[in-house]
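**Student:** got a structure for you, letters missing:
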């Protein structure tokens with residue numbers, strides 16, 4: 001079972017940028033897609049993006065579209081999330097997971113592969 005490790009979080013002011021990394025620990029990704037999620041205190045986990053690894057197709061949540069980007073030139077076994085123009089409402093723990101991106105009538109869904117979530121990386125945006 002591949003373990004995913006998130007890193008790159010930190011504290012920034014509104015308008016700033018961060019780049020998060022999702023890396024396969026000691027191996028390579030063994031599923032079709034990598035998704036980013038976030039969870040703020042007292043809120044449900046929210047999907048942020050889903051990237052199909054074979055061609056780089058990425059879906060984004062409406063709340064981050066135009067500000068967050070998954071680069072197309074990720075190194076092997078790593079997927080980045082470039083976060084620009086950060087807002088206080090982006091404050092959350094960010095987690096990545098393996099699975100499948102699925103197009104749906106509501107945009108897209110993510111089918112997570114079996115296995116535990118990682119620890120995530122904390123992003124804090126101050127106003």
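**Tutor:** Done, it's in. Treat the numbers as computed from the prediction; the structure is a model and nothing was measured.
**Student:** residues of the longest strand along the chain that come out buried?
**Tutor:** Identified as the longest strand of the chain according to DSSP state E is strand 92-104. Residues of strand 92-104 classed as buried under the neighbour-count rule (16 or more other Cβ atoms under 10 Å) are 92-99, 101. Backbone N, C-alpha and C define where each C-beta goes, glycine included.
**Student:** The helix or strand following it to strand 92-104, inter-axis angle?
**Tutor:** Going down the chain from strand 92-104, the next helix or strand is strand 107-112, by DSSP states H and E. Using axes from the mean of the first three to the mean of the last three Cα atoms, to 10 degrees, one finds that strand 107-112 and strand 92-104 are set 110 degrees apart in direction.
**Student:** What strands line up against strand 107-112, and which way round?
**Tutor:** If you go by DSSP bridges, strand 107-112 pairs up with strand 92-104 (antiparallel).
**Student:** distance between the strand it pairs with and the chain's centre?
**Tutor:** 7 Å (Cα atoms, centre = their mean, to the nearest Å).
**Student:** Nearest the geometric middle of this structure, what residue?
**Tutor:** residue 36 (2.1 Å; Cα atoms, centre = their mean).
**Student:** Report the separation between that one and residue 120.
**Tutor:** According to Cβ to Cβ, to the nearest Å, residue 36 and residue 120 sit 10 Å apart.
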